[in-house]
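Sequence below, structure please.
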Amino acid sequence: MWLLAWSFYVMFPPQNLHAGVVSFVTNLFTEEAKAETTSSPVNSQNVGLLVAARNLDPNPGKGGGDITIVGGVALFAEIGPEGTLADIEENQSGAISTYVVREGDTLSAIAKMFGVTTNTISWANDISRGMIRPGQTLIILPISGVRHTVVKGDTLQSIAKKYKADVTEISQYNHLTENARLSIGDIVLVPDGEIAAPPSASLAGRPATLRGTAGPSYEGYYLRPVIGGKKTQGLHGYNGIDIASYSGAPVLASASGEVIIARSSGWNGGYGNYIVVNHQNGTQTLYGHLSTLAVLVGNTVTRGEIIGYMGSTGRSTGTHLHFEVRGAKNPF
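Residues are numbered from 1 along each chain as shown. Model (predicted):
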């Protein structure tokens, strides 16, 4: 305002102006001076309409809430506009993800978001009859199962053999006994089942494909999660190994990080009681078949800290730890 008045004052000196104009300009200066010296608070009645709001943050947030990230994958907005989801992407890294059920979600819709079958989600979360509830946290494993239509002569044992699956796992998921009689046309879901490719001469005799071994090597980053013990099985499944020791042997965090999954009961896809820790280098470690857990979801753990104790829960034939590294090479 004072700049505009000054322009008038310079362009039209007082001696060439009508007394009213001079009075007008003088009043402008007087009012500006008063505005600068007043200590009354600014409000909607006296703020300048063209004054832009200032944000001292050079990178202000724009809409919605924080996005929960697991393994580099955006999962959901914890606080979003109208409770909407945000940037859900298909899990390409092999990382285990978590998802909080929202009002109106269905199991099939969630499965479609993550590019897995409903069976995969039901199996990993011990869900029966497809029932989920708002607020429930689901574990999304980067695997799927097989839907099998029963034909004449089928048994759970023959189905398990066909798809290289576990008969106990199939029976538990389908609420059947292992010796149940199946009717032709029945649908049996086979958790973690694999449809075998037609055999070829070049592939004959080769072992099953090992998953999740691609990735960088972080030499010295991971600590062996068990003191002593014996490795009873090398790399298998999803970049995992087995280490046997006595029941109740301490299991250590292989690297520092945050606990994102801590399941102390249930089949949990064969892992039994298990823990997943998210690490600062973007990888995850998984500790399966535990007897008891010493941590909770959200806990921060340090390398070498006791997080649980060895057991034989889930798909296990003896006391051991199943240890996986997801997103990097397993150094053990």
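
pretty sure residue 245 contacts residue 225?
No - here residue 245 does not reach residue 225: they are 10.6 Å apart, not a contact under CB atoms under 8 Å. Where you see a C-beta, it was placed from the backbone N, CA and C, and this is true even at glycine.

More neighbours: the two, which one.
Relative neighbour count places residue 225 above the other of residue 245 and residue 225, with 23 against 18, counting by other CB atoms under 10 Å.

Okay, that one and residue 298: tell me how far apart.
20 Å (CB to CB, to the nearest Å).

Are we agreed that residue 160 is in a helix?
Yes - the assignment for residue 160 (DSSP: H, G, I helix; E, B strand; the rest coil) places it in a helix.

Use 695 as the first number from now on
All set: I'll call the first residue 695, so the last point we hit is now residue 854.

Contacts only, for it.
Neighbour list for residue 854: 860-861, 864, 884 [criterion: CB atoms under 8 Å, 6 or more residues apart in numbering].

before we move on, back to that, any residues in contact with both of residue 939 and residue 919?
Shared contacts of residue 939 and residue 919, counting by CB under 8 Å, 6+ apart, come down to residue 1015.

in the stretch 795-944 of the chain, which spans are strands?
Taking DSSP state E, counting those that start in this stretch as the test, the strands found in the stretch 795-944 of the chain are 831-834, 840-843, 881-884, 924-930, 934-938, 944-946.

among the ones you listed, which is nearest residue 977?
Of all these, the one in closest proximity to residue 977, counting by CB to CB, is strand 934-938 (13.6 Å).

so how many other residues sit close to the closest residue in space to residue 1020 that isn't next to it in sequence?
Excluding the flanking residues, the one nearest residue 1020 by CB to CB, 6 or more residues apart in numbering is residue 978, at 4.4 Å. Applying other CB under 10 Å, we find 23 other residues in the vicinity of residue 978.

just checking, residue 978 touches residue 1022?
No - because the distance of 9.2 Å does not satisfy CB under 8 Å, residue 978 is recorded as not touching residue 1022.

what sits opposite the nearest residue to residue 974 once chain neighbours are set aside in the beta ladder?
Leaving aside its sequence neighbours, residue 974 sits nearest to residue 951 (CB to CB, 6+ apart; 6.5 Å). Applying DSSP bridges to residue 951 yields these beta-bridge partners: residue 973, residue 995.

Isn't residue 951 up against residue 972?
Yes - under the criterion of CB under 8 Å, residue 951 makes contact with residue 972 at 5.1 Å.

OK, contacts around the residue lying closest to residue 880 once chain neighbours are set aside?
Ranked by CB to CB, 6+ apart and with sequence neighbours excluded, the top spatial neighbour of residue 880 is residue 844, at 4.2 Å. Counting by CB under 8 Å, 6+ apart, residue 844 touches 853, 876-882.

Out of the contacts of residue 854, which is nearest to residue 964?
Minimum distance to residue 964 across the contacts of residue 854 is 6.8 Å, recorded for residue 860 (CB to CB).

Name the nearest residue to that closest one, ignoring sequence neighbours.
Nearest in space to residue 860, with sequence neighbours left out and distances taken as CB to CB, 6+ apart, is residue 1009 at 5.7 Å.

same thing with residue 861?
Distances taken as CB to CB, 6+ apart place residue 854 nearest to residue 861, at 4.1 Å, with adjacent residues excluded.

From residue 863, how far out is the one you found?
Distance of residue 854 to residue 863, given as CB to CB: 8 Å.

now swap in residue 969 and tell me
In this structure, residue 969 and residue 863 are 20 Å apart, going by CB to CB.

More neighbours: which of the two?
It is residue 969, of residue 969 and residue 863, that has more neighbours when counted by other CB under 10 Å, with 27 against 21.

Does that one touch residue 951 like I think?
No - taking contacts as CB under 8 Å, residue 969 lies outside contact range of residue 951: 10.8 Å.

which regions of the chain sit below the pLDDT cut-off?
In the prediction, the chain carries residues with pLDDT under 70 at positions 695-788, 836-841, 888-906.

thinking again about what came up before, so who does the residue nearest to residue 1020 touch?
765, 789-790, 954, 970-972, 1019-1021.

Now neighbour count, secondary structure and distance to residue 933 too, for those, in a markdown table please.
Converted to a markdown table, those look like this (neighbours: other CB atoms under 10 Å; DSSP: H, G, I helix; E, B strand; the rest coil; distance: CB to CB, whole Å):
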| residue | neighbour count | secondary structure | distance to residue 933 |
| --- | --- | --- | --- |
| 765 | 21 | coil | 14 |
| 789 | 22 | coil | 12 |
| 790 | 25 | coil | 12 |
| 954 | 21 | strand | 17 |
| 970 | 26 | strand | 13 |
| 971 | 24 | strand | 15 |
| 972 | 21 | strand | 16 |
| 1019 | 27 | strand | 6 |
| 1020 | 25 | strand | 7 |
| 1021 | 22 | coil | 9 |
